[in-house]
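**Q** This is a predicted model, with the sequence first.
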Amino acid sequence: MVENVKEIERQGLLNGDDRQSNSAGRPNEDIEDLGEIKGYWTKSARFASDNWVPLVANSFEWFEFASFAYLVDPISQNFANGNKVAVWFIFSLAFICRPLGGIIIGLVGDKMGRKPAFWIASVTVIASTVLQGALPSSRWGGSFGQKMGLAGLLILRITQGLGIGGEMGSGIVYLAESSPRRFVGMTMAWLSISGGAGFLLASFFSAMLRSVLTEDELLDWGWRLPFLVALIPGIIVLDMLSQLQETPEYEQTVEANQVVQGSAFVPRVIALIFMCAGAAAFWYVGCVYIFDWIMANGLKENVMWIAVLQNFCSFPAALASGFLTDHMGLEYAFKAVLVFTALVGLPMYMITADNLNYMIVIIGPGILFGFASGSLGVVTALLSVDLFPPILRHRSVGLGYNLSLCIFGGLGPAWVQLAESFTNVAGAYFLLLTSLTSLLIFVTAGQKMLKRKEFSASRRRDNSRVLFN
């Protein structure tokens, strides 16, 4: 017997309680005068402090992941005879595997719960990270050590990618489903800040190593430290994650005994891949690769300290983006952030190439790129969640979000390096192209998907609900 769809929507089972109310870009009635609501900032900060465990886990795991990118040069000397293009492709391996990890751990999240999925993903990331720091290399084993180390690095980057793919979806879905809708944008801002803090610590650690150690010390053993020091904090993080509670929204879905049927989510996953392209490219070309590019073009001293500045600048930008999202709605905020990214990316990249000096690098890749990076994290995370109903949300976010980060983020530095044989500012055009692509797909398809209900429900003989197109 077919259930009335409105009944299901009232129960909050298809779109997650009051969470869907703001996905179409129209502020909820209870947040329409958000700036005048007493305690908005206090309550959102209190929610973040009460849910600090997934934020700390997210920060820690991004520290581990980013450390590789900031130490590409010494890693290439140890495993690839200085071939940085090869090492950037090894870096990309983790991104290639992220969609698979997102699907596998996403299925665990949708079938068994958000909590066990988060824990499994974190174990995978921490173990593969620590082992990378213990690999033999050309400096610790000669030619044979280099070959064995390279094989081990490939395997560990694959497993790390599987774990990160699951962890990313777990963190986004867990916090979005746990947060009250009236400040869910600010909750995503705290998630973005925690990831930025991981990048900040990684860039700070890299800058310290380059400042304190000699070049030989960095090549011999210094590059290993960010990976090895992850062991003890990693164990603490796993213990904290074991104490998490399941999200109420997931528990409601389980109680309704829903099952999925049909393929309404497929076009949404495809759209999500392209709508996240601008953010993915900006994070890994405009925020990571660009500093390697700056050093390769002759500005070598203290450049990593500008990367630290960039990560600092992403924090207030994330808070502003979260407030904008809660106050004006996701549609408005997403378009505003992408327009800002497009206007900043190309010209500042070009200006940096023509005037490579510390002042330009501080203003462009340092401050402005930091603002864009923090803003993008909020709107892309919330968009990923709002596109899908709870029953298939974890796997859909895990697949679409990670595919985008794989194609446009992780592979971004490799695409740009290949294109630099034609123009030295290939990164600038890459940032512009991806930003405009995301904006176009969102305007033509994404906004309609956020407003349109494509899922309905029926009750089977076994009393389970079936979602279908």
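**A** Nice, thanks for sending it over.
**Q** Next, the contact list for residue 350, please.
**A** Residue 350 sits next to 425, 428 when contact means CB atoms under 8 Å, 6 or more residues apart in numbering. In short, each C-beta sits where N, CA and C put it, glycine included.
**Q** Now do the buried residues in the helix or strand hosting it.
**A** Using DSSP states H and E, residue 350 falls within helix 330-354. Within helix 330-354, the residues that qualify as buried are 330-338, 340-342, 344-346, 348-349, 352-353, counting by 16 or more other CB atoms under 10 Å.
**Q** One more: stretch 198-210?
**A** 198, 199, 200, 201, 202, 203, 204, 205, 206, 207, 209, 210.
**Q** export that stretch as CSV, just CAs?
**A** Extracted C-alpha coordinates of stretch 198-210, given in CSV (Å, rounded to 0.1, in the frame of the first residue of the first chain):
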residue,chain,number,x,y,z
GLY,A,198,44.9,20.4,10.4
PHE,A,199,46.4,22.1,7.4
LEU,A,200,47.7,24.9,9.6
LEU,A,201,49.5,22.5,11.9
ALA,A,202,50.9,20.6,8.9
SER,A,203,52.2,23.8,7.2
PHE,A,204,53.6,25.0,10.6
PHE,A,205,55.4,21.7,11.2
SER,A,206,56.8,21.8,7.6
ALA,A,207,58.0,25.4,8.1
MET,A,208,59.6,24.6,11.4
LEU,A,209,61.4,21.6,9.9
ARG,A,210,62.7,23.7,7.0
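**Q** Can you give the distance of it from its chain's centre?
**A** 19 Å (CA atoms, centre = their mean, to the nearest Å).
**Q** please begin residue numbering at 835 from this point
**A** Happy to do that; since the first residue is 835 now, the last one works out to stretch 1032-1044.
**Q** tell me the mean pLDDT over that stretch?
**A** Averaged over stretch 1032-1044, pLDDT sits at 85.
**Q** Show residues contacting it.
**A** For stretch 1032-1044, using CB under 8 Å, 6+ apart, the contacting residues are 892-901, 903-905, 1052, 1056-1057, 1059-1060, 1121, 1136, 1138-1139, 1141-1142, 1144-1146, 1148.
**Q** at 7 Å instead, please
**A** The contact list for stretch 1032-1044 (CB atoms under 7 Å, 6 or more residues apart in numbering) reads 893-897, 900-901, 904-905, 1052, 1056, 1059-1060, 1138-1139, 1141-1142, 1145-1146.
**Q** Stretch 950-961 too?
**A** Stretch 950-961 has contacts (CB under 7 Å, 6+ apart) with 888, 891, 895, 898, 939, 942-943, 993-994, 996-998, 1000-1001, 1004, 1008, 1064, 1068, 1071-1072, 1075-1076, 1078, 1228.
**Q** ok, 6 Å please
**A** Residues outside stretch 950-961 that contact it (CB atoms under 6 Å, 6 or more residues apart in numbering): 891, 895, 939, 942-943, 993-994, 996-998, 1000-1001, 1004, 1068, 1072, 1075.
**Q** Can you show me the CA trace of stretch 950-970 as CSV?
**A** Only the C-alpha atoms of stretch 950-970 are listed here, as CSV (Å, rounded to 0.1, in the frame of the first residue of the first chain):
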residue,chain,number,x,y,z
PRO,A,950,31.2,2.8,13.6
ALA,A,951,31.8,4.2,10.1
PHE,A,952,33.7,7.2,11.6
TRP,A,953,35.8,4.9,13.8
ILE,A,954,36.7,2.4,11.0
ALA,A,955,37.8,5.3,8.8
SER,A,956,40.0,6.8,11.5
VAL,A,957,41.8,3.6,12.3
THR,A,958,42.6,3.2,8.6
VAL,A,959,44.0,6.7,8.3
ILE,A,960,46.0,6.7,11.4
ALA,A,961,47.7,3.3,10.8
SER,A,962,48.6,4.1,7.2
THR,A,963,50.0,7.5,8.2
VAL,A,964,52.3,6.2,10.9
LEU,A,965,53.6,3.4,8.7
GLN,A,966,54.6,6.0,6.0
GLY,A,967,57.0,7.5,8.4
ALA,A,968,58.7,4.1,9.0
LEU,A,969,59.3,3.1,5.3
PRO,A,970,62.8,2.3,4.0
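**Q** quick one, phi/psi of residue 967?
**A** Here is the backbone geometry of residue 967 (degrees, to the nearest 10): phi -80, psi -10.
**Q** on that earlier part again, which of the contacts of stretch 950-961 sits closest to residue 877?
**A** Checking the contacts of stretch 950-961 against residue 877 with CB to CB, the nearest one is residue 891 at 22.8 Å.
**Q** The closest one and residue 1129, how far apart?
**A** Counting by CB to CB, to the nearest Å, the gap between residue 891 and residue 1129 amounts to 31 Å.
**Q** Equivalent analysis for residue 1212, please.
**A** Counting by CB to CB, the gap from residue 1212 to residue 1129 is 30 Å.
**Q** Low-confidence bits of the stretch 1085-1234 of the chain, can you list those?
**A** 1087-1098 (pLDDT under 70).
**Q** Strands along that one, start to end?
**A** Remark: strands assigned in the stretch 1085-1234 of the chain by DSSP state E, counting those that start in this stretch are 1092-1094.
**Q** ok, and what's touching stretch 898-913?
**A** Here stretch 898-913 makes contact (CB under 6 Å, 6+ apart) with 916-918, 921, 925, 963, 971-973, 983-984, 987, 998, 1033, 1036-1037, 1040, 1052-1053, 1057, 1060, 1064, 1122.
**Q** Of the residues you listed, grab the buried ones for ChimeraX.
**A** Remark: buried members of those, expressed as a ChimeraX selection using 16+ other CB under 10 Å:
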select :918,921,925,963,971,972,973,983,984,987,998,1033,1036,1037,1040,1052,1053,1057,1060,1064,1122
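**Q** Among the contacts of stretch 898-913, name the ones in helices.
**A** Using DSSP state H, the members of the contacts of stretch 898-913 that fall in helices are 918, 921, 925, 963, 983-984, 987, 998, 1033, 1036-1037, 1040, 1052-1053, 1060.
**Q** Thank you kindly, that will do.
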